[in-house]
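**Student:** Quick one: sequence plus predicted model below, questions after.
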Amino acid sequence: MLTQIIRAASVVIFAFTFVACTRNAVEDTVMVSPKDPFIKTMSAVQTFTINSKEDNVVEGNDGTIIVCPKGCFKNRQGEVIETEVKLELAEALTLEDMVLSNLTTTSDGKPLETDGMIYFNATADEEQLVINKDNPIHIEMPTLKKKPGMMVYKGVRDENGNMNWVDPKALDNFLVIVNLDSLDFLPEGFQRAVDMGMPFRKYKTATKTLTDSLYYSLAASNGSDLTQGLISTDQNEPYYDKRKEVVNGKYVDKGNNEVGSIDSVVFVECGIDPAIVKTIKSAKFQNTLIATREFEARLKVIFSTCDKSILEIYVKNLDKNLYELDSMAAVACEEKKYYQGIHAFPEFSELRLTKVKEADKYARLLEGYYEKELSRIKSALEKEKEKVMKALAKENKDAQKVADNYKKLLWKREKYRMETYGFDWTDTGWINIDNGTRAKDWGSAPLEVVVENGKQFDRVYTYVVYSSIKSLHRLNAIDNENFYVGSEENKEMLMPKQKEGIIISIGYTGEIPSVAMKSFETGTDSKMTVTLKVSTEEEVRALLSRYEEFPKENRITADLKVMKKLFVEEQRQKKLIKESEFMGQLWCIAYPCCCDREL
């Protein structure tokens, strides 16, 4: 409701029954007498407890705002209160509430036009308090449209429930400062998007600190740089893999093997820089029009224009009346054809809101501050980004080292098997490997394995062992169930003919292993099914120990160590990709006029 109405100090009539301080006595403020016939249908009283040593802003259920500056209440002795204060508020802003409370709108028998009424009182330790005339409270009541000539009246109610409105006072148009932290300076939908993106890193739910941090970080990055430099965790032998080729006895990936290669966003003047918002939402601007709910409402419209020059009309003219700035913004929007601004800013200007007290003083104090502080904040945000990118670069470098070392091992493994060609050799002397007419003991054959319960595990690896040549090959995987040799187009590889082969599958749930083994005859058995059974690390080591006599590059234990590292890297990359996409979505909300990134 509060976002759909204009909060202003232009509310007409309210039942302010707080009795003024006199030199001799302070009367208790009473909302209604015990004999009042409308006592049961009166508007409900809301209570608030505040610390009188601090500035306070309380908000009623129907949108009434009460600003209580530090030191605004005194006791019967005229001493400023520095303890907890109990506030009472009852709102009668609708016709129904007014009728049920018998809040007739007459002043000494003359009819009045009302725009809402409230009851307000303050006590401390059940003692009546009075308002400090040198440091008064400020009350804002919601209204759909400001009406000219409205006055504020004090209400007097007799024992029979009759109301009389007296002591009319003209309303002032000074802007009321509230705590900057209580204002929403985020683009429409940003908080909702952050909430939907939870959990995020260490946060289970979105805190104000996290939301602000995410928004301000968009001044330096759209999140795409989080995925730059990621390696491919899909590593296996290059044989039959068209993405890889052998160069100088080593195999390399063709083209760019990095997962993330999207360039970081190049910022252009097509949106409101979050660094600007961070600059103005600081203590230096606390006593200016920036720290008002009126500016909060205008900022929402400014976001839709995506034009920082509209925002700077307000930021750089703090000494001017708000309606003057509204008129300037209206002209700018008309010239640039900003649809929402064309309608909103003229309506804002018609409210004829002026300025905060001592606006000229704070405008002079802030002269030149905005540009310097904006530059400092942008520099700080860039440095924070560089710090994050440096840490990510180190993690990427460590992952690259693991991948490079594994490529060397894979090349040795494949080279060993290819040079052996899948047959035993017993003669001494010269050896010729050729494609002659003599029948070979090796050849190309298909091989596929299905792990029936593979989807139950976090990760699954399937190997084929050719005992006759002490050779190992890790099958490629479509998922945790389907494994194959060679490539997806040609699921076969060179292997000994009609020799014993052994399929070994190992799955992990967390760190708990499960194992399946199955013997087969090469060239005869081409499709097999296995089922993983829960095991222990000790049992797995004992099972694999029989293959430890193989050359190092053909040992399953060595391969599993690398697989664990690559799995950890894969999980890290998934988090980074998810964060990148999340930041990209937030960036599109922050820069709606220049978001062309597909997410």
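**Tutor:** Perfect, thanks for sending it.
**Student:** can we go C-alpha only for contacts and neighbour counts from here?
**Tutor:** OK.
**Student:** Just read off the phi/psi values of the residue positioned nearest the centre of the chain.
**Tutor:** Centroid check for the chain by CA atoms, centre = their mean gives Val194 as the closest residue, at 3.4 Å. When read as degrees, to the nearest 10, the backbone of Val194 gives phi -70, psi -40.
**Student:** Check what pLDDT Tyr251 gets.
**Tutor:** On pLDDT, Tyr251 comes in at 56.
**Student:** On the three-state scheme, Tyr508 is what?
**Tutor:** Three-state assignment for Tyr508 (DSSP: H, G, I helix; E, B strand; the rest coil): strand.
**Student:** quick one: it and Gln456 touch, right?
**Tutor:** No - with contact defined as CA atoms under 8 Å, Tyr508 does not count as touching Gln456 (9.1 Å).
**Student:** And these two? Which one has more around it.
**Tutor:** More neighbours surround Tyr508 than the other of Tyr508 and Gln456, with 20 against 14 (other CA atoms under 10 Å).
**Student:** who's in contact with that one?
**Tutor:** Phe457, Asp458, Arg459, Val460, Ser514 (CA atoms under 8 Å, 6 or more residues apart in numbering).
**Student:** wait, is the last one part of a helix?
**Tutor:** Pointing back at Ser514 there. No - judged by three-state DSSP, Ser514 forms no part of a helix; its state is strand.
**Student:** Distance of it relative to Ser468?
**Tutor:** According to CA to CA, to the nearest Å, Ser514 stands 26 Å off from Ser468.
**Student:** Same question for the fourth one.
**Tutor:** Distance from Val460 to Ser468, counting by CA to CA: 25 Å.
**Student:** Show me which of the two is the more surrounded one.
**Tutor:** Taking other CA under 10 Å, Val460 and Ser468 do not tie; Val460 has more neighbours (25 against 13).
**Student:** what sits opposite that one in the beta ladder?
**Tutor:** Val460 has these beta-bridge partners by DSSP bridges: Gly507.
**Student:** Please name the residues that touch it.
**Tutor:** The contact partners of Val460, by CA under 8 Å, 6+ apart, come to Gly454, Asn480, Glu481, Ser505, Ile506, Gly507, Tyr508.
**Student:** can I get the CA coordinates of stretch 584-599 in CSV?
**Tutor:** Extracted C-alpha coordinates of stretch 584-599, given in CSV (Å, rounded to 0.1, in the frame of the first residue of the first chain):
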residue,chain,number,x,y,z
GLY,A,584,23.8,-11.6,-14.8
GLN,A,585,20.1,-11.7,-13.9
LEU,A,586,20.7,-9.0,-11.2
TRP,A,587,22.7,-6.9,-13.7
CYS,A,588,19.8,-7.0,-16.1
ILE,A,589,17.5,-5.5,-13.4
ALA,A,590,20.1,-2.9,-12.5
TYR,A,591,20.7,-2.0,-16.2
PRO,A,592,17.3,-2.8,-17.9
CYS,A,593,18.0,-0.5,-20.9
CYS,A,594,21.3,-2.1,-21.8
CYS,A,595,20.9,-5.8,-20.9
ASP,A,596,21.5,-7.8,-24.0
ARG,A,597,23.1,-10.8,-22.4
GLU,A,598,21.3,-14.1,-22.7
LEU,A,599,21.1,-15.8,-19.4
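**Student:** hmm, who's touching it?
**Tutor:** With CA under 8 Å, 6+ apart, stretch 584-599 has contacts from 187-190, 193-194, 215, 218, 222-224, 270-272, 274, 304, 306, 581.
**Student:** and the chain, what are its domains?
**Tutor:** 2-172, 420-424+441-564 (automatic domain parsing).
**Student:** Going by mean pLDDT, which of those comes out lowest?
**Tutor:** Confidence, taken as mean pLDDT, is least for domain 2-172 of the domains of the chain (a mean of 77).
**Student:** now Asn160: how far from Ser33?
**Tutor:** 8 Å.
**Student:** ah, wrong one, I meant Pro136
**Tutor:** 27 Å.
**Student:** the helices in the stretch 1-150 of the chain, which residues?
**Tutor:** Counting by DSSP state H, counting those that start in this stretch, the stretch 1-150 of the chain has helices at residues 95-100.
**Student:** can you give me the helices in this protein?
**Tutor:** Counting by DSSP state H, one finds helices in the chain at the ranges 95-100, 190-196, 208-217, 274-280, 293-305, 308-315, 322-336, 339-350, 359-365, 369-420, 537-544, 556-590.
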